[in-house]
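Undergrad: With the input below, show me the fold.
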Amino acid sequence: MAEHSDEQNKRLSTHMNGFKATVPNNKETHDEPRVSNGGCEVTKEQRDLEDQSPEAPEPVRAVTELKDEDAGISRRSSLKKDGLRRGRDRKKTVSFGGMPGSRKISSVSGCLSRMQEGSEFRKLRPGLRLYNRYFLLEAEQRAIRWEPSKKDAGKARLLLTEVREVRTGRNTDLFRGSGVSELVADDCAFSLVYGNGYDTLDLVANSPEVANIWVTGLRHLISHGNSAHAHPAHTHVHAAAAATEAGRLDLQLSWLSKEFSELVAVGDGTTEGECVSVREATDLMEKLTRGVKSSQIQLRLREQLRIDTYSTPPHTPPHTPPHTAARVSFQHFTQAFQDLSTRPEIYFLLVQFSSNKDFLDIKDLMRFLETEQGAPQVSEDSAQVVIDRYEPTPLGRELGRLSLDGFTRFLDSSECCLFDPLHAHVCEDMTQPLSHYYISSSHNTHVTEAQVPAVSGIGGYERAMRLGCRCLELDVWDGPHGRPAVSKGHTHSAMHTHTPPLAFREVVQAVARMAFPASASEYPIILCLENHCSAAQQRIMVRDLKEAFGERLHRGLLCNKDGCLPSPNSLRGKVLLLGSRPLPDPQPGGGGGEGEEITQKASGGGVSSRRVPLCPELSELISLCHADSPPNNEFPSSADPCCVVTCFREALASRHVGDRSAELVELAKRRLLRVRPSLMRVDSSNPDPLGFWKAGLQMVALNVQTEGATLDLHRAWFRRNGACGYALRPAIMRQQVAYFSANERGAMPGVPPQTLHLRVISGRSLPKPRGGGAKGDVLDPYVTVAIHGIPADCAERRTHTVPQNGESPVFDQSFQFQLNLPELALLRFVVLDDFCIGDDFIGQYALPLDCMQAGFRHVPLLTAEGEELPHARLLVHVAMTERRGGGKAHKRGLSVRMGRRSRHYMQLQELGLRVLDDVFKMANQPLREATDLRENMQESLEAFKELCGVSALANITQCVLTLGSRVTGSEGTPLLLFDLSKPYPTMHQQGALPDALRKIITIYHTMIQASKAVDESDGVHSKILQTHHRGDR
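TA: Presented below is the predicted three-dimensional model:
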């Protein structure tokens, strides 16, 4: 064993003495953040455990008090203690730029240097116990060691030649089989697999950054260090690290040199000895860095000049021009560029997928696109296209390499946006009945500002249509000079508006101009006429409507022969009028009679309700019949024709959603239902539309002039279908034979529950809140993540606060959300400024869950008005997995799960109708067979993932790639071979194998057999379809 260096022993002793003297500050100065189920900080469960335990240990204990491994701290108290030690309490300070202590780790050599300084970890041992240990890399880079320990120095040491694999996450048997995995973040955990028995050293870092540093450094040493371990000086490893870093810098310097030389004044064509002004350098770097503020660039350049001035020898060469001291050289420029553009979190992501290089080659990029981003049909040509598009260096494009700068640009591009570009256009089936769609609707459309008294104008209609609204409200009254006008009513005009009534003619002409622009929605627009006009002015309304819309104006009631509404596709380019008119003669399945008129009451307090008869000319133009909700809070009749639209006030609709949601869903399968905000919302506030959408109500009218979270969700909801104003409702709400209740707290029948895995990694270029007060430019950002959907799915989490960093805060926290009905769920990010004086809002973004792209994605932040903030981004990782059994997701050891064979089979409830019950009983056995096929496949796949040491989010490709790194023998010969000549790849062993690899082969063959069974199960599927068709008949 090599002797430890005096410098390392001194450093270790200094660290331990300093740690022993640490005294925590337990005084609370700020409210606890909302509890998250990720991150490395103390969780709510741990705090509750401390409060409830009568014999809780002291908050802090010196590490040197742990005499031996057997006297370790229990896993929960260890985590709890660590959380208290790293509490959020701190004094406010002001940052004046980058200081020497704020180093960015963006190279292998930087990782190795940090590892030699040492880091504190929690070491997991059998018996569910965690021990605080201090780990460091020896100076010779041949081994790692840790202290304190009862073992002698030779045993508390691991040679890197024995390490077979560095495995990230909680992906070993010890992690999975212990409850500790629920209390530590996956991003903070990693394991070293070593020895012929595939033993593991399981560690938990204090932060994801520390874990990334050690994982990157260890993988580099294992990959490049085999031939170097014979040399005491370890020159080979140092050379490999230097060569790896030099390869990236060569690409970057060649690019920067070209850009800088073009900026330099006419000279000999080189950049050596030539300088530019700070302003010129700032402009160039602002163009190259894409998003870094000019003020920050100037500050960093001046810091470089100041540092250079302090380090200049007292006797400078006499030929140095005196004016160059105030100008920026190429060296200053490159150093400032690297400081500003390098993002450590992206660097660690790049080296995770690179083949031990500081760039991605074609093969690396293909693997990243296929396994992480889920890109279909990845080829070398498509990977080269990405490199040509985003790699800034000509040399990198020529060599087929994506550098760190190119990779950063790629992740910040539209290709890596969280929102799936497929949904930027109409992508849903638009041939179903109109009642099967949510319709974007506006209330008080003529109002332009959210205030009392309100301001009305034509701009209210223009804004609503720009936001994608396809149902507009026109409250029409007898106007001056014998012409109809749009207002809130005669008695309300003076009290609630600043402006006189709008001419009805001007309103409909404005709608006609913007209803069907070439680049926006071509689907029908609905004008909700609340008519209070006399017969004479109604005839003028008819003339104005025909003149404005011409042939686009639909005439006659909407009702197909089968008693259903026509589809949006069949009504493209049409204007539909919603108002009161006589119903046609009774038809089968419909109610009403000749001459019966469905009328609306005058809306607006202070105006007595009265029946307003329609003139025949206007009645003929009505396509949808308006009907107020029945009196005495009765439920609407299902016998009304499909062309009848029942309108609810907010309070009554909320009552029905709470008490009769299943009946509302059933009613909305044939008819349109509309909800208007309460009359008490005189401030133009809005109800939560999701509360009504979840019960199937298609038209939830909102005050679109009022910005806020409600309108953010409304915009996001209709982005799922190209923002055309129509969004298809979930299948469970459209099927004729289906039961759905918005108030269910468990899994939905026929809808597999899922788990959303979300990792909030970092932010970029976060602006100061508009109402930030006198705080200056210093930000303390944090991110809240919320799920909006059915009650069972609603949840909210938040990250920790990153102090004094609005340019590139790193959060790196993971969350899990359990989803029972993903089709009705929205995901919303909100970035806020902690400890803010005044408004703390920085930016937000919301989108439907089924519009997300998986993998590493950026989230473009928007203002409160929905406008994109320049360069402001969040970097996240997203994955969706199926949650089996419908309950809370639990991680169990392989032996425990494989031994539990109980399964939950779908049960069909009898309806009491013998004919139907007999038909559906025929589906019992096929459904059981389908359940067995699915469970067998999922169980074998999960077991294969666990034995390969990957997370539950991994796919088969990732499993095989991970397996390939550990199936090589001592002489480089493969221990396993894949036979790809058959339809199902088979795995064959070559010689004697360790037990771990034999288990993998067994589980792999089990998974292949389960896959075959699924492929050959056409008969089971056919039986289920036959039963379904018989039930429909």
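
Undergrad: So the residue lying closest to Gly291 once chain neighbours are set aside: helix, strand or coil?
TA: The shortest distance from Gly291 to any non-neighbouring residue, by CB to CB, 6 or more residues apart in numbering, is to His871 (3.1 Å). All C-beta spots, glycine's among them, are computed from the backbone N, C-alpha and C. When classified by DSSP: H, G, I helix; E, B strand; the rest coil, His871 comes out as strand.

Undergrad: what's the answer for the one 3 residues further on, then?
TA: Following three-state DSSP, Leu874 is assigned to strand.

Undergrad: who touches the closest residue in space to it that isn't next to it in sequence in this structure?
TA: Of all residues not flanking Leu874 in the chain, Val859 sits nearest, at 4.0 Å (CB to CB, 6+ apart). Residues in contact with Val859, defined by CB atoms under 8 Å, 6 or more residues apart in numbering, are 417-418, 829, 845, 873-876.

Undergrad: let's see 6 Å
TA: Neighbouring residues of Val859 by CB atoms under 6 Å, 6 or more residues apart in numbering: 418, 829, 845, 874, 876.

Undergrad: Could I get these in CSV, plus columns for distance to Val447?
TA: Below are those laid out as CSV (distance: CB to CB, whole Å):
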residue, distance to Val447
Leu418, 33
Phe829, 29
Tyr845, 27
Leu874, 34
Val876, 37
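
Undergrad: Out of those residues, who's the most crowded?
TA: Neighbour count (other CB atoms under 10 Å) singles out Leu874 as the most crowded of these, with 25 neighbours.

Undergrad: from memory that residue sits against Gly763, does it?
TA: Yes. Using CB atoms under 6 Å, Leu874 makes contact with Gly763 at a distance of 5.4 Å.

Undergrad: ok so, going back, so for the host helix or strand of the residue nearest to Leu874, mean pLDDT?
TA: Assigned by DSSP states H and E, Val859 falls within strand 855-862. For strand 855-862, the mean pLDDT works out to 96.

Undergrad: buried ones in it?
TA: Using 16 or more other CB atoms under 10 Å as the test for burial, strand 855-862 gives 855-862.

Undergrad: Any chance of a markdown table for the residues you listed, columns distance to Gln352?
TA: Listed next are the buried residues of strand 855-862 as a markdown table, based on distance: CB to CB, whole Å:
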| residue | distance to Gln352 |
| --- | --- |
| Gly855 | 13 |
| Phe856 | 10 |
| Arg857 | 16 |
| His858 | 18 |
| Val859 | 21 |
| Pro860 | 24 |
| Leu861 | 26 |
| Leu862 | 30 |
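
Undergrad: Name the nearest of the residues you listed relative to Cys275.
TA: Closest to Cys275 out of the buried residues of strand 855-862 is His858 (35.5 Å), distances taken as CB to CB.

Undergrad: can you pull up the bridge partners for that closest one?
TA: Using DSSP bridges, the beta-bridge partners of His858 come out as Cys417, Leu875.

Undergrad: Correct me if wrong: it contacts His871.
TA: No. Counting by CB under 6 Å, His858 does not reach His871; the two are 10.5 Å apart.

Undergrad: hang on, the earlier thing: how about the contacts of Val859, which pair is most distant?
TA: Spanning the widest gap among the contacts of Val859 are Tyr845 and Val876, at 10.3 Å by CB to CB.

Undergrad: Can you tell me the closest non-neighbouring residue to Ile842?
TA: Closest residue in space to Ile842, ignoring its immediate chain neighbours: Val831 at 4.2 Å, by CB to CB, 6+ apart.

Undergrad: which SSE is that neighbour in?
TA: Element membership for Val831, per DSSP H and E: strand 826-833.

Undergrad: what does that strand contact?
TA: Here strand 826-833 makes contact (CB under 6 Å, 6+ apart) with 713, 716, 769, 779-781, 783-786, 788, 840, 842-846, 848-849, 859.

Undergrad: at 7 Å what do you get?
TA: Outside of strand 826-833, the residues within contact range by CB atoms under 7 Å, 6 or more residues apart in numbering are 712-713, 716-717, 763, 766, 769, 772, 779-789, 840-849, 859, 861, 874.

Undergrad: Just the ones of the residues you listed in helices?
TA: Judged by DSSP state H, helices contain the following of the contacts of strand 826-833: 712-713, 716-717.

Undergrad: quick one: which of these is nearest to Tyr1004?
TA: Tyr1004 lies nearest to Ala716 out of those, by CB to CB, at 42.1 Å.

Undergrad: List the contacts of the nearest residue to that closest one once chain neighbours are set aside.
TA: Once flanking residues are discounted, Ala716 sits nearest to Ala846: 3.7 Å by CB to CB, 6+ apart. Applying CB under 7 Å, 6+ apart, we find Ala846 in contact with 712-713, 716, 826-828.

Undergrad: what about 8 Å?
TA: With contact taken as CB under 8 Å, 6+ apart, Ala846 is in contact with 712-713, 715-716, 788, 826-829.

Undergrad: Gly460: which of the residues you listed is nearest?
TA: The closest of those, once distances to Gly460 are taken by CB to CB, is Arg715, at 16.7 Å.

Undergrad: related to what we said a few turns ago, what is in contact with Leu874 and Gly763 at once?
TA: Listed contacts common to Leu874 and Gly763 are 783, 831; contacts here mean CB under 8 Å, 6+ apart.

Undergrad: hang on, the earlier thing: between the strand holding Val859 and strand 826-833, how big is the angle?
TA: Per axes from the mean of the first three to the mean of the last three CA atoms, to 10 degrees, the angle that strand 855-862 makes with strand 826-833 is 60 degrees.

Undergrad: tell me the secondary structure for Gln335?
TA: The three-state label given to Gln335 by three-state DSSP is helix.
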